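*Asks:* sequence plus predicted model, see below.
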Amino acid sequence: MTSPTTETKFPGLPNYYPDHPSLLKQIIKVVQNLLQGRSNNAHAVTLTANVGTTTITLAKEDIGIATLIFFMPQTANAAAEIGAGTMYVSARSVPNNTFTITHANNAQTDRTFGFVLIG
């Protein structure tokens, strides 16, 4: 089982904050980050070599039933995997915060992708 790595963690908001002026400043910063495309939904994964699937385990509540997963190849072998049409998300388990990528079974160890989760 493989876990993705998040490149950057941008600040979020607390569930409760008694100091309203400070909370407003935090909200403004989070909204500014979102407007500039900075969110915590970017991850990376390298497909497992010598097997036909890779399972990703995400942080709690990162994936829902309607979550879309978009992959961007980071290496030539990753681009070839996409181009061959052999890679797709074959299963997801929302309660377990996982999804499984089905892909070609080969010995390549550099099929690395960035991916984003939307929804």
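*Replies:* Nice, thanks for sending it over.
*Asks:* for the spatially most central residue of the chain, phi and psi?
*Replies:* In the chain, the residue lying closest to the centroid (CA atoms, centre = their mean) is His43, at 3.8 Å. Note on His43: its backbone torsions stand at phi -140, psi 180 [degrees, to the nearest 10].
*Asks:* pretty sure it contacts Phe99?
*Replies:* No. Counting by CB atoms under 8 Å, His43 stays clear of Phe99, with 11.2 Å between them. In this view, the C-beta of every residue, glycine as well, is placed from N, C-alpha and C.
*Asks:* what is in contact with these two at once?
*Replies:* With contacts defined as CB atoms under 8 Å, 6 or more residues apart in numbering, the residues shared by His43 and Phe99 are 56, 58.
*Asks:* Ala66: neighbouring residues, count only.
*Replies:* 8 (other CB atoms under 10 Å).
*Asks:* before we move on, what about Leu35?
*Replies:* Look at Leu35: counted by other CB under 10 Å, it has 8 neighbours.
*Asks:* how about the helices in the chain?
*Replies:* Counting by DSSP state H, the chain has helices at residues 20-35, 76-84.
*Asks:* tell me the most buried of these?
*Replies:* Among the helices of the chain, helix 76-84 has the highest mean neighbour count (mean count of other CB atoms under 10 Å), at a mean of 15.
*Asks:* same question for stretch 56-65, mean pLDDT?
*Replies:* Here stretch 56-65 scores 83 as its mean pLDDT.
*Asks:* show me how far that stretch is from its chain's centre.
*Replies:* Remark: stretch 56-65 is offset 9 Å from the chain centroid, using CA atoms, centre = their mean, to the nearest Å.
*Asks:* let me know the pLDDT of Val51.
*Replies:* We have a pLDDT of 96 for Val51.
*Asks:* got the contact list for the residue lying closest to it once chain neighbours are set aside?
*Replies:* Excluding the flanking residues, the one nearest Val51 by CB to CB, 6 or more residues apart in numbering is Asn105, at 6.0 Å. For Asn105, the contact set (CB under 8 Å, 6+ apart) comprises 50-52.
*Asks:* how many other residues sit next to Arg92?
*Replies:* Neighbours of Arg92 using other CB under 10 Å come to 16.
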